[in-house]
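> I would like to see how this sequence folds:
(chains A and B)
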Amino acid sequence: MASAGFVYRVNKENAMNQDEIRKLREIALDVRIKTINEIASFGQGHIGGSMSVVELLVYLYFHEMRIRPQEPEWIERDRLVLSKGHSGPALYAVLASKGYFEESWLSTLNKGGTRLPSHADMTKTPGIDFTAGSLGQGFSAAVGIALAQRMRKLDSYTYVVVGDGESQEGEVWEAAEAAGAWKLGNLIGFTDLNGQQLDDYTDNIIPMHDLKKRYETYGWEALEIDGHDFSAIEAAIAKAKSIKDKPVMIIMHTIKSYGYIPGEDIRANHSMQIDKSKAEEAIAALIKREEARK
Amino acid sequence: MRDTSAFQNFKDVIMAAIMDLAEEDGNVVFLDADLASCIGSTAFQERFPDRFRNVGIAEANMAAVAGGMASVGYVPFIHSFGCFASRRMYDQLFISVGYAHRCVHVIGSDPGIIAQYNGGTHMPFEDIALMRQIPGFTIYEPSDAMSMYSLIVQAYKLGKPSYLRAPRKGIIHRYGADEEIMLGKAITAREGSDITIIATGAYLVDQALKAAEALSDKGCSARVLDLHTIMPFDTEAIEKAARETGRIIVCENGRYAGGVGEMVSCHLLQSGIPVRAGFINVGDRFGEVGSLEYLASAFGFTAGDIEKKALSLL
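As a prediction, the model looks like this:
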């Protein structure tokens, strides 16, 4: 697990009990298995950044967000922009599990004519709230969505997920300074701080420095948590929602490829070749590890 | 339809059209990137303070913010100088507007040599070619006050993203209220049978008409087509002109590569209509600083240049 030193904890009323947390863990395991199979059905895909955001997406869609899977365009819904759009496979597994579309779609990932392209696309997939793929843009779009929700006097939230590598894009900081200036209290961001990007570890390319301080300088509140800990995610979002006059960035310390064990602790885990037998082995190993944890 | 005859500057026509739309449609919003006082969107800000945002000098962010707002049902008009409204926010217009199918209306002001004293860095010659690469965008460059007002309203009603090449200062009143102005349909600004001068934008349509007048003195009957809509363009009027006059000149305030001249030529080549053609554009050059008169002369945009080109084709 990611270092517990960063876990943000508050005493939250009505916090999830152990049964609820166990249930979310089971869903996360199922989503991981689906994501691995999804990528294996094509033979290759963005496994690393998909696996590192599973707990976040499961928590949001199964516990936090105000959504109607049967009515994906519902105006009052909370929205999520996956600005690191290449994590689409994990989001597709979550959306299928929530009933936005048939689970059979998952095996069509990236195949010609599919409605599940490698990068999240609002014109193709029910439940995708904004198209992403050119890094940084989803953050700006999320700022526009949060602003528009506020102008419409909706009490909905906008969640945006950005990568740490993505945070090298200048547009992330253009968007951040606008959201800070406009005091978008209905915007909650998550940085998937897994420390890796396509080519290498971020520290070997362009280091993130102190992301918390950077966001605070831009007029945000910033929190740091273990991004694989459901209780920590819950507490951080509760804290974020108590802050009405500022956007909040939740910096999630995560492990890239977490749960696809062959990709953990290696450098080249951004996009990996995964065939059916590799997937079966990896899923068996993951289930064994999860059993041992219980 | 509003009477536009009293307007002294194009920017006032542009803002009047958008504010009239905003009056009717509560979803119309305006975003500017620290050039609000240049286009006059400050008037929109005063009238609809809750529907205006100055996003600061961050054009790329502005474009994708607009895409996000459009996904919640707003209809954003966004403005910057044409160089920034195309080049600087291009990927955002491509992905977060075009590819995402969000309806955002982009105003790129001071097209081509109209940028004058802001010089080469601010002189968009390439915006037509760039914007033509994004499927679904309407691209237009009206040549007078009435058509400016009318075409902005029509582009809005189409419900698709659009890019407006917009002069700000000065005005031309060419068309009356009885003129049929339709997005996608070229206006025959002058009839003629020996050659057709196809022109886009206020300055070049004006020069084309002056050239036609001078040619008429020399016994040459020149037709002038005001091709205000660049995408989708009026293939019918162009084919008719090629068939009836056999010679065309395409005038545009921009580069040859990917521009209007290439577009028209390509269409005529496919249609198989034999035609002699000449082109007025900046060729393969960057912009530079200077007065409109100096730049028109330096880039070969004057009525005299058009006349000379026409005579060479006769």
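
> Next up, the contacts around residue 163.
The chain I'm using is chain A. The neighbours of residue A:163, taking Cβ atoms under 8 Å, 6 or more residues apart in numbering or on different chains as the test, are A:49, A:83-84, A:135, A:191-192, A:194, A:197. In short, each C-beta sits where N, CA and C put it, glycine included.

> Actually, chain B is the one I wanted.
B:85-86, B:106, B:108, B:127, B:131, B:137-140.

> Closest to residue B:18 out of the residues you listed?
Distance to residue B:18 across those (Cβ to Cβ) is lowest for residue B:106, with 12.3 Å.

> thinking again about what came up before, including pLDDT and secondary structure, could the contacts of residue B:163 go into TSV?
Formatted as TSV, the contacts of residue B:163 follow (pLDDT from 0 to 100; DSSP: H, G, I helix; E, B strand; the rest coil):
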residue	pLDDT	secondary structure
B:85	98	helix
B:86	98	helix
B:106	98	strand
B:108	98	strand
B:127	98	helix
B:131	98	helix
B:137	98	coil
B:138	98	strand
B:139	98	strand
B:140	98	strand
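
> Surely residue A:87 is within a helix?
Yes. The assignment for residue A:87 is a helix, going by DSSP: H, G, I helix; E, B strand; the rest coil.

> from the chain's centre, how far out does stretch B:256-266 sit?
15 Å (Cα atoms, centre = their mean, to the nearest Å).

> Which positions in chain B make contact with chain A?
By Cβ under 8 Å from any Cβ of the partner chain, the residues of chain B that approach chain A are B:29, B:50-51, B:53, B:55-56, B:58, B:60-61, B:63-74, B:91-92, B:94-96, B:99-101.

> Kindly give a single PyMOL line that selects the buried subset of those residues.
Of the residues of chain B next to chain A, the buried ones can be selected in PyMOL as follows, counting by 16 or more other Cβ atoms under 10 Å in any protein chain shown:
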select buried, chain B and resi 29+51+53+55+58+60+61+63+64+65+66+67+68+69+70+71+72+74+92+94+95+96+99+100+101
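
> Next step: the residues of chain B next to chain A restricted to strands.
B:29, B:53 (DSSP state E).

> Show me the residues of chain B next to chain A that map onto helices.
Among the residues of chain B next to chain A, the members found in helices (DSSP state H) are B:60-61, B:63-70, B:91-92.

> residue in the stretch 101-250 of chain B nearest to chain A?
Going by Cβ to the nearest Cβ, chain A is nearest to residue B:101 of the stretch 101-250 of chain B, at 5.2 Å.

> Let me see the ranges of the strands in chain A.
Using DSSP E, the strands of chain A run over residues A:44-45, A:79-82, A:158-163, A:187-193, A:221-226, A:248-253, A:272-273.

> Ok, the stretch 101-250 of chain B next?
With strands called from DSSP state E, counting those that start in this stretch, the stretch 101-250 of chain B shows them at B:105-109, B:138-140, B:162-166, B:187-190, B:195-199, B:222-226, B:229-231, B:247-251.

> Which strands and helices lie in contact with the fifth one?
In terms of contacts (3 or more Cβ pairs under 8 Å, 6 or more residues apart in numbering or on different chains; DSSP states H and E), strand B:195-199 is packed against helix B:202-217, strand B:222-226, helix B:235-245, strand B:247-251, helix B:303-313.

> Mind doing that once more with 6 Å?
In terms of contacts (3 or more Cβ pairs under 6 Å, 6 or more residues apart in numbering or on different chains; DSSP states H and E), strand B:195-199 is packed against helix B:202-217, strand B:222-226, helix B:235-245, strand B:247-251.

> Can you say which of the ones you listed is packed in most?
strand B:222-226 (a mean of 27; mean count of other Cβ atoms under 10 Å in any protein chain shown).

> List the contacts of residue B:205.
Counting by Cβ atoms under 6 Å, 6 or more residues apart in numbering or on different chains, residue B:205 makes contact with B:143, B:199, B:226.

> Next, format those as a markdown table and append distance to residue B:293 and pLDDT.
Formatted as a markdown table, these follow (distance: Cβ to Cβ, whole Å; pLDDT from 0 to 100):
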| residue | distance to residue B:293 | pLDDT |
| --- | --- | --- |
| B:143 | 19 | 98 |
| B:199 | 18 | 98 |
| B:226 | 22 | 98 |
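
> Tell me the spacing between the closest residue to residue B:300 other than its chain neighbours and residue B:204.
In space, and not counting its chain neighbours, residue B:300 is closest to residue B:280: 6.4 Å by Cβ to Cβ, 6 or more residues apart in numbering or on different chains. Distance of residue B:280 to residue B:204, given as Cβ to Cβ, to the nearest Å: 7 Å.

> Okay, and the beta partners of residue 222?
In the absence of a named chain, this looks at chain A. residue A:249 (DSSP bridges).

> Oops, wrong one, chain B.
With DSSP bridges as the rule, residue B:222 is bridged to residue B:195.

> same check, this time on the one 4 residues further on
Here residue B:226 shows beta-bridge partners residue B:187, residue B:199, assigned using DSSP bridges.

> so what's the closest residue to chain B within the stretch 51-200 of chain A scoring on pLDDT?
At 2.5 Å from chain B, residue A:144 is the closest residue in the stretch 51-200 of chain A, using Cβ to the nearest Cβ. Per-residue pLDDT puts residue A:144 at 98.

> now the helices for the stretch 1-150 of chain A?
A:18-42, A:47-51, A:54-59, A:88-98, A:137-151 (DSSP state H, counting those that start in this stretch).

> would you list those helices in a markdown table and tack on mean neighbour count?
Output for these, formatted as a markdown table (neighbours: other Cβ atoms under 10 Å in any protein chain shown):
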| stretch | mean neighbour count |
| --- | --- |
| helix A:18-42 | 19 |
| helix A:47-51 | 30 |
| helix A:54-59 | 26 |
| helix A:88-98 | 25 |
| helix A:137-151 | 30 |
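
> returning to what we had before: now distance to residue B:238 too, for the strands of the stretch 101-250 of chain B, in CSV please.
Converted to CSV, those look like this (distance: least, Cβ to Cβ, whole Å):
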stretch, distance to residue B:238
strand B:105-109, 24
strand B:138-140, 16
strand B:162-166, 19
strand B:187-190, 12
strand B:195-199, 7
strand B:222-226, 7
strand B:229-231, 12
strand B:247-251, 8
